[in-house]
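In: Here you go, sequence then predicted model.
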Amino acid sequence: KAFRDCRHGDGGMEKHRGRRGRAGDPLLPGRIAVSARGTDGQSQHIECIVCGDKSSGKHYGQFTCEGCKSFFKRSVRRNLSYTCRANRTCPVDQHHRNQCQYCRLKKCLKVGMRREAVQRGRLPTQSYHGQFALTNGDPLQCHSYLSGYISLLLRAEPYPTSRFGSQCLQGNNIMGIENICELAARMLFSAVEWARNIPFFPDLQVTDQVALLRLTWSELFVLNAAQCSMPVHVAPLLAAAGLHASPMSADRVVAFMDHIRVFQEQVEKLKVLHVDTAEYSCIKAIVLFTTDACGLSDVTHVEGLQEKSQCALEEYVRSQYPNQPNRFGKLLLRLPSLRTVSSSVIEQLFFIRLVGKTPIETLIRDMLLSGSSFNWPYMPIQ
């Protein structure tokens, strides 16, 4: 399943207000929805015939949104089969469309989307969201397009592969607490700098950039910790030092140490997979472009960016690891677990000595709004 299908809901997409018609009326092709702005300033848009979201144009015979268009195209081209866990009558609307792929595909076909239009490679007119302008072909089929996208992701990496990992060990093979905290700060700043330089993230509204990074910074931190071979075995030492400075009750200490164990386990599980740099870049893009962030101005656009990042990862894994047919699935299955790592524990463990009580989310917002560049990744550890 697509990674975004593992997420719950559609990220709080707003309902269309002032929608005309009786409850239960069938959604007709090309139906016009009128926003409730009063009689003097009505605005119109065509609804997606599948889920009722805003249509971006006519795709495979019907007016659909970008999400349903991409879902139908992917399902047909890969000849995917789905199973309904209920009674095959699941609701398919903009709030539930990702919950059952079987019923979503069933509705796509029922309303008249044509398989043959996909199989012949007939492409719809590009919407205002557009396809990535890396090639003139279909990006979901074009290997050069995917390679180009991954190259741009890699170019945005603010540090060479394993640069931090080679600096993590000192003479006695143990990093000092100050150095490990500085390393953590570098990785946080690197995540923000990387996001600011990858394709299409800078084109989002600043409020959307802030919303995405505020939600995903801890997941990106875990990925960077694994990618850079961060010595997570020192985490209990950091915790001990922090607890000495700010004592906790026994129950809180137990819970805190349990969260640290979860953090260590997630990093180690990624290391076991021997994820390469290109895979890490794609995975981080999948994590970053999440529709779960609150208040996004264009959820469908972000959803499309996540899907394209996922397709790039899948194509890369298939071409580079042909003898590991399950590798792509194993990588995706690691992603939901990243959210089990407590962001507040990461903050308390690594950053409280550097930033005090200033929330990391506030720092991220200030970084994006200031537009500053951060040179910490290139500074030698003293």
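Out: Great, that's in hand.

In: Could you list the low-pLDDT ranges of the stretch 51-200 of the chain?
Out: 119-146, 158-178 (pLDDT under 70).

In: Now do the strands in it.
Out: For the stretch 51-200 of the chain, the strands defined by DSSP state E, counting those that start in this stretch occupy 57-59, 62-64.

In: most packed of those?
Out: strand 62-64 (a mean of 24; mean count of other Cβ atoms under 10 Å). (Glycine included, C-beta is placed from N, CA and C.)

In: contacts for that strand?
Out: With contacts defined as Cβ atoms under 8 Å, 6 or more residues apart in numbering, strand 62-64 is touched by 29-30, 46-50, 55-58, 72, 108, 111-113.

In: Among these, which ones are in helices?
Out: Using DSSP state H, the members of those that fall within helices are 72, 108.

In: out of the contacts of strand 62-64, who has the most neighbours?
Out: Using other Cβ atoms under 10 Å as the neighbour test, these are led by V50, with 29 neighbours.

In: On the pLDDT front, check that one for me.
Out: Looking at V50, its pLDDT is 93.

In: do the same with I346
Out: As summarised for this prediction, I346 has a pLDDT of 81.

In: Can you report how many residues neighbour it?
Out: There are 22 residues near I346, going by other Cβ under 10 Å.

In: got it, and D276?
Out: Residues near D276, counting by other Cβ under 10 Å, number 14.

In: okay if I get the strands of the stretch 51-200 of the chain as CSV plus distance to Y82?
Out: As requested, the strands of the stretch 51-200 of the chain are arranged in CSV below (distance: least, Cβ to Cβ, whole Å):
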stretch, distance to Y82
strand 57-59, 20
strand 62-64, 18
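
In: Out of these, flag the one nearest L204.
Out: Set against L204 and scored by Cβ to Cβ, these come closest in strand 57-59, at 21.2 Å.

In: Helices of the stretch 251-382 of the chain, residue ranges please.
Out: Assigned by DSSP state H, counting those that start in this stretch, the helices in the stretch 251-382 of the chain fall at 277-288, 299-320, 327-338, 343-346, 352-355, 360-370.

In: Oh, that last question was meant for the stretch 1-150 of the chain, not what I typed.
Out: Using DSSP H, counting those that start in this stretch, the helices of the stretch 1-150 of the chain run over 3-6, 66-77, 101-110, 115-119, 143-155.

In: buried residues in the third one?
Out: Judged by neighbour count using 16 or more other Cβ atoms under 10 Å, the buried positions of helix 101-110 are 101, 103-108.

In: what's the closest of these to L335?
Out: Q101 (17.7 Å).

In: ok so, going back, quick one: which of the strands of the stretch 51-200 of the chain is nearest P202?
Out: With Cβ to Cβ, the closest approach to P202 among those belongs to strand 57-59: 25.3 Å.

In: Tell me which strands that closest one pairs with, and in which orientation.
Out: strand 62-64 (antiparallel) (DSSP bridges).

In: out of the strands of the stretch 51-200 of the chain, nearest to D292?
Out: D292 sits nearest to strand 62-64 of all these, at 22.4 Å, using Cβ to Cβ.

In: one step back: please work out which of the helices of the stretch 1-150 of the chain is packed deepest.
Out: helix 66-77 (a mean of 22).

In: For that helix, name the packing helices and strands.
Out: Packing partners of helix 66-77 (3 or more Cβ pairs under 8 Å, 6 or more residues apart in numbering; DSSP states H and E): strand 57-59, helix 101-110, helix 115-119, helix 299-320.

In: end-to-end on stretch 86-93?
Out: End-to-end distance of stretch 86-93 (Cα to Cα, to the nearest Å): 16 Å.

In: That stretch: which residues count as buried?
Out: Under the neighbour-count criterion of 16+ other Cβ under 10 Å, stretch 86-93 has 90, 92-93 buried.

In: What of stretch 357-370?
Out: Quick answer for stretch 357-370 (16+ other Cβ under 10 Å): 360, 363-365, 367-368.

In: got the contact list for M113?
Out: Neighbours of M113 in contact, by Cβ under 8 Å, 6+ apart: 50, 59-62, 64, 72.

In: Mind putting the residues you listed into CSV with distance to F328?
Out: Conversion of the contacts of M113 to CSV gives the following (distance: Cβ to Cβ, whole Å):
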residue, distance to F328
V50, 26
H59, 26
Y60, 26
G61, 30
Q62, 30
T64, 26
F72, 21
